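1. when you get a sec, could you give me coordinates for this:
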Amino acid sequence: MSEPGEIKKKVGVGFGVMLLRDGKILLGKRHGDPQKGGGSLNGEGKWSMPGGKLEFGEPILADPEEYTEWNWFDLNELPEPLFFPSERELNNYMKKKFYISR
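-> From the prediction side, this is the model:
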């Protein structure tokens, strides 16, 4: 519990992992229940790369109920609907548009 006037630490970062094998990408279908698969970005029922948001001090990076299934998809035959952060990154990948911090 925080003290009055204490600033609560918050990380505000999301991440996604692009796993490629033989020209296919691993995508998970997010749970249709907004409490389990939606989050603040309304991702329920959409296909997404593995990932999520990272909370301050979080020791684990997995919520076993967030995804209902996993499949490998050809990069030219992606499922719909795609979760918009994953869709944006996949579009950038296909255009060979990368952002690398140095």
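2. just checking, residue 8 is part of a strand?
-> No - using DSSP: H, G, I helix; E, B strand; the rest coil, the assignment for residue 8 is coil, not a strand.
3. and it, how far is that from residue 14?
-> Distance, residue 8 to residue 14, by C-beta to C-beta, to the nearest Å: 19 Å. To be clear about C-beta, it is placed using only N, CA and C from the backbone, and glycine gets the same treatment.
4. these two: which is more packed in?
-> residue 14 (13 against 6; other C-beta atoms under 10 Å).
5. residues contacting that one?
-> 51-54, 85 (C-beta atoms under 8 Å, 6 or more residues apart in numbering).
6. kindly report the same for residue 25.
-> Contacts of residue 25 (C-beta under 8 Å, 6+ apart): 18-19, 49, 72-73, 75, 78, 90.
7. run the last query once more with 7 Å
-> 18-19, 72-73, 75 (C-beta atoms under 7 Å, 6 or more residues apart in numbering).
8. which of those sits closest to residue 30?
-> residue 73 (14.8 Å; C-beta to C-beta).
9. contacts for the helix or strand hosting that closest one?
-> Secondary structure from DSSP states H and E places residue 73 in strand 67-74. With C-beta under 7 Å, 6+ apart as the test, strand 67-74 has contacts from 21, 23-31, 79.
10. which among those end up buried?
-> Buried members of those, scored by 16 or more other C-beta atoms under 10 Å, are 25, 27-31.
11. and the least confident of the residues you listed?
-> Among these, residue 31 has the lowest pLDDT, at 83.
12. I'd say it and residue 44 touch.
-> Yes - using C-beta atoms under 7 Å, residue 31 is in contact with residue 44, at 6.4 Å.
13. could you list the low-confidence segments of this protein?
-> For the chain, the stretches with pLDDT under 70 are 1-5, 9-11, 36-41, 58, 60-64, 99-102.
14. and the helices in it?
-> Along the chain, counting by DSSP state H, helices occupy 84-94.
15. kindly provide the distance from the residue nearest the centre of it to residue 8.
-> The centre of the chain sits closest to residue 51, judged by C-alpha atoms, centre = their mean, with a distance of 3.8 Å. Residue 51 sits at a distance of 24 Å from residue 8 (criterion: C-beta to C-beta).
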